[in-house]
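A.B. asks: this one's structure only:
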């Protein structure tokens, strides 16, 4: 696959299809229709049983993808509504989500239904690519086997030329012959005179061209010096993905950090109080700075989780008690942030200056933040 093909694939519209595990075959047929229209499609069959697969995709793609939640008899309306709420909590805007029942009993309408839902989100896809058709090659007949048919006879009989026409043609031919015989001598004389003239021209001395006066006061033309282009500055890459992966693997092996599917999780921020360490409580700006400057066994680029990731950490028993800061804004100006209480499983709007929140830092297992 060439570079242009790879870039075109990366730029294609990403669509996530989610439905019940009982609809895996229709979901694949719908995905194939969208792929023929130039889209990249990821299918989550069984979102009613294992919702974490859809949450992983929402953490990875956010608002770069369109999410079609396809309900029906096997996926109740209340379950579809709860899935949409979790996607919005994870940072997916509602303008990128389409949910509702699907007409599964009509297989021919599955692809058009997906296209209509994308158009309702303002995402029209390209026309479907034509299916390749292969025509069998026409057999070639060797030239030795081609039969040559004789030309068909002309059905019209030949016309007879009258005797008067023959007589006129004879008189014209005789006149032309007499003219040719009488004009040979003048032509030969003209040819000899032409040869004499050409010979005199060839033997005549060639005239030298007149000298041209050159003005010595004219300035010489100075060509500009050729300058080499300046070398482009080298890009400084802080660390390669391979080195980052080695550091992450070593930190996980030493159990200095933890992992929850695609998320890496740091220990909660602590502070020393005498001979023991206690959980550190800070304002939002202090917690954010702590994660930004955190480095554990060479693993850096940490950040505060958003509220969806904090809920996920709570379900995985990564955080248990206390109130934790998240990066999710709770007002349009960002003066307040959403905090998450894993014990009561509730979120609330908290002023950033409040100094009672705890900090746990996260990042993706691959350095894509």
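C.D. replies: In hand now; what should we look at? Quantities reported herein were computed from a predicted structural model and do not represent experimental measurements.

A.B. asks: And the strands in the stretch 51-200 of the chain, which stretches?
C.D. replies: 65-71, 97-101 (DSSP state E, counting those that start in this stretch).

A.B. asks: who touches residue 57 in this structure?
C.D. replies: 16, 42, 44, 65 (CB atoms under 8 Å, 6 or more residues apart in numbering). To be clear about C-beta, it is placed using only N, CA and C from the backbone, and glycine gets the same treatment.

A.B. asks: if we go to 6 Å?
C.D. replies: Going by CB atoms under 6 Å, 6 or more residues apart in numbering, residue 57 touches residue 16.

A.B. asks: returning to what we had before: highest average neighbour count across the strands of the stretch 51-200 of the chain?
C.D. replies: Comparing these by mean neighbour count (mean count of other CB atoms under 10 Å), strand 65-71 ranks first with a mean of 24.

A.B. asks: That strand pairs with which strands, parallel or anti?
C.D. replies: Its sheet considered, strand 65-71 pairs with strand 14-19 (parallel), strand 97-101 (parallel) by DSSP bridges.

A.B. asks: and residue 243, which of the ones you listed is closest to it?
C.D. replies: Nearest to residue 243 among the strands paired with strand 65-71 is strand 14-19 (28.7 Å), distances taken as CB to CB.

A.B. asks: Tell me which residues of the next helix or strand along the chain from that closest one come out buried.
C.D. replies: Per DSSP states H and E, the first helix or strand lying C-terminal to strand 14-19 is helix 24-36. By 16 or more other CB atoms under 10 Å, the buried positions in helix 24-36 come out as 26, 27, 30, 31, 33, 34, 36.

A.B. asks: Contacts for helix 24-36 next, please.
C.D. replies: 15, 17, 19, 41, 43, 45, 104, 110, 111, 114, 128, 129.

A.B. asks: quick one: it to strand 65-71, angle?
C.D. replies: With axes from the mean of the first three to the mean of the last three CA atoms, to 10 degrees applied, the angle from helix 24-36 to strand 65-71 works out at 150 degrees.

A.B. asks: I'd like the next helix or strand past helix 24-36.
C.D. replies: strand 40-45.

A.B. asks: Counting by contacts, list what that next one packs against.
C.D. replies: strand 14-19, helix 24-36 (3 or more CB pairs under 6 Å, 6 or more residues apart in numbering; DSSP states H and E).

A.B. asks: What are the buried residues along the first one?
C.D. replies: Looking back up the chat, that one is strand 14-19. Residues of strand 14-19 classed as buried by neighbour count (16+ other CB under 10 Å): 15, 16, 17, 18, 19.

A.B. asks: how much does that strand deviate in direction from strand 40-45?
C.D. replies: Using the same axes, to 10 degrees, the direction of strand 14-19 lies 20 degrees away from that of strand 40-45.

A.B. asks: Quick check: what element follows the helix or strand where residue 289 lies along the chain?
C.D. replies: Secondary-structure assignment from DSSP H and E places residue 289 in helix 284-293. Following helix 284-293 in sequence order, the next helix or strand is helix 307-315 (DSSP H and E).

A.B. asks: same question for that following helix, mean pLDDT?
C.D. replies: Across helix 307-315, pLDDT averages out at 90.

A.B. asks: Same question for stretch 126-139.
C.D. replies: Here the average pLDDT along stretch 126-139 is 57.

A.B. asks: Hmm, residue 305 is touching residue 363, no?
C.D. replies: No. Look at residue 305 against residue 363 with CB atoms under 6 Å: they stay out of range, at 9.5 Å.

A.B. asks: what about the two, which has more around it?
C.D. replies: More crowded of residue 305 and residue 363, by other CB atoms under 10 Å: residue 305, with 28 against 23.

A.B. asks: picking up where we left off before, same list (the strands of the stretch 51-200 of the chain) but as TSV, adding distance to residue 321 and mean pLDDT.
C.D. replies: Output for these, formatted as TSV (distance: least, CB to CB, whole Å; pLDDT from 0 to 100):
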stretch	distance to residue 321	mean pLDDT
strand 65-71	33	90
strand 97-101	33	89
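
A.B. asks: Please name whichever of those is nearest to residue 317.
C.D. replies: Closest to residue 317 of the strands of the stretch 51-200 of the chain is strand 65-71 (CB to CB; 27.6 Å).

A.B. asks: Identify all contacting residues around the closest one.
C.D. replies: So strand 65-71 is contacted by 14-19, 80, 83, 96-99, 101-102, 117, 121, 123 (CB under 6 Å, 6+ apart).

A.B. asks: what is the mean pLDDT for the helix holding residue 289?
C.D. replies: 95.

A.B. asks: mind checking how far residue 257 is from residue 43?
C.D. replies: Distance, residue 257 to residue 43, using CB to CB, to the nearest Å: 32 Å.

A.B. asks: neighbour count winner among these two?
C.D. replies: residue 257 (20 against 16).

A.B. asks: residue contacts, the nearest residue to that one once chain neighbours are set aside?
C.D. replies: Spatial nearest neighbour of residue 257, excluding adjacent residues (CB to CB, 6 or more residues apart in numbering): residue 251 at 4.7 Å. Counting by CB under 6 Å, 6+ apart, residue 251 touches 257, 296, 297, 299.

A.B. asks: how about low-confidence regions in this structure?
C.D. replies: Applying pLDDT under 70 to the chain picks out residues 1-10, 128-242, 367-369.

A.B. asks: domain parsing for it?
C.D. replies: 8-120, 241-364 (automatic domain parsing).

A.B. asks: list the buried ones in stretch 335-352?
C.D. replies: Quick answer for stretch 335-352 (16+ other CB under 10 Å): 336, 337, 338, 339, 340, 341, 342, 347, 350, 352.
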